[in-house]
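> Could you look at this predicted model? Sequence included:
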Amino acid sequence: VPFAATFGTVPVVLTSVTSTNEATTVAGRAYAVGRVGFGYVLSEQKNSAEPSHAAETVHYVAWEPGKGTLGPIRYEVASTSLAVTSSWTENALSSAFIPPPLLLADMQTLVSADPAAVRLREVTGHTFQLKVEEEQSLNQDVTHPGERVGYLALASLEAQRLATLTWEFDSREETTISGFRMLVNGQVVCATDDVTARQLVCEIPLATTATEFAVQAVEES
């Protein structure tokens with residue numbers, strides 16, 4: 001599938017099958033994603049007796065990795081390493097979202113062609129869990145090797161304000177920590193690895209109700 005124009009860096013590609021020209025269950029898979037285009041294949045359920053699937057219409061979004069704002073929307077686009085398997089794994093967003101973002105994800109590789117899809121859970125403002133889930137129409141083997149997954153996080157751009165939080169901490173305990181984190185309503189909004197810091201200035205959403213602030217000392221690992 002060629003792009004209309006060449007990207008400066010390899011984008012993240014998110015796809016969706018948007019027609020039903022054949023009723024057999026099918027999973028769409030992007031692979032070999034590059035700056036000029038990507039490969040795409042429709043994989044039918046494993047117990048299908050047919051060797052191929054009817055042509056379907058597929059919609060896609062290709063977005064270069066990065067983060068920023070686009071009009072009233074805040075976004076973050078990135079890919080994982082080639083390590084997302086059939087077991088749940090946690091991935092961190094590079095910046096905090098309050099509240100948690102809308103999150104879209106899709107495989108960017110085809111290490112295994114077994115029909116599968118990306119599953120997400122426990123999406124917070126700074127982390128989420130994901131795995132590759134195979135279907136079980138033919139057998140119960142759902143083990144899947146590592147794939148690279150691309151994701152797009154979206155959130156409404158809320159009014160922001162600067163908040164300064166100061167605290168006390170026993171300097172004798174500084175050797176046991178690696179820094180501090182500031183939380184707003186339980187979500188991490190900024191952090192520092194300066195163990196001598198006793199103040200943080202962070203951008204936070206402009207609150208219309210009561211806001212709970214907290215500072216965590218991060219234990220040395």
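Nice, thanks for sending it over. Residues are numbered from 1 along each chain as shown.
> Give me the mean pLDDT for the helix or strand hosting residue 74.
Assigned by DSSP states H and E, residue 74 falls within strand 73-79. Confidence for strand 73-79, expressed as mean pLDDT, is 94.
> need the next SSE after that strand, C-terminal direction.
Counting by DSSP H and E, the element that comes right after strand 73-79 along the chain is strand 89-92.
> If we go by neighbour counts, what in that next one is buried?
Neighbour counts using 16 or more other C-beta atoms under 10 Å place residue 91 of strand 89-92 among the buried residues. Quick note: C-beta positions are derived from backbone N, CA and C, even for glycine.
> For the residue of the chain most remote from its centre, grab phi and psi.
Distance from the C-alpha centroid of the chain, by C-alpha atoms, centre = their mean, peaks at residue 172 (38.6 Å). Recorded main-chain torsions at residue 172 are phi -70, psi -20, according to degrees, to the nearest 10.
> ditto for residue 174
Residue 174 has phi and psi values of phi -60, psi -30 when expressed as degrees, to the nearest 10.
> Kindly report the same for residue 176.
According to degrees, to the nearest 10, residue 176 has phi -100, psi 0.
> So for the closest residue to it other than its chain neighbours, what's the pLDDT?
What sits nearest to residue 176 in space, not counting adjacent residues and going by C-beta to C-beta, 6 or more residues apart in numbering, is residue 220, at 5.7 Å. The predicted structure scores residue 220 at 85 on the pLDDT scale.
> Then residue 36?
We have a pLDDT of 98 for residue 36.
> name the element the residue nearest to it when sequence neighbours are not counted belongs to?
Ranked by C-beta to C-beta, 6+ apart and with sequence neighbours excluded, the top spatial neighbour of residue 36 is residue 6, at 5.3 Å. With the criterion set as DSSP H and E, no secondary-structure element contains residue 6; it sits in neither a helix nor a strand.
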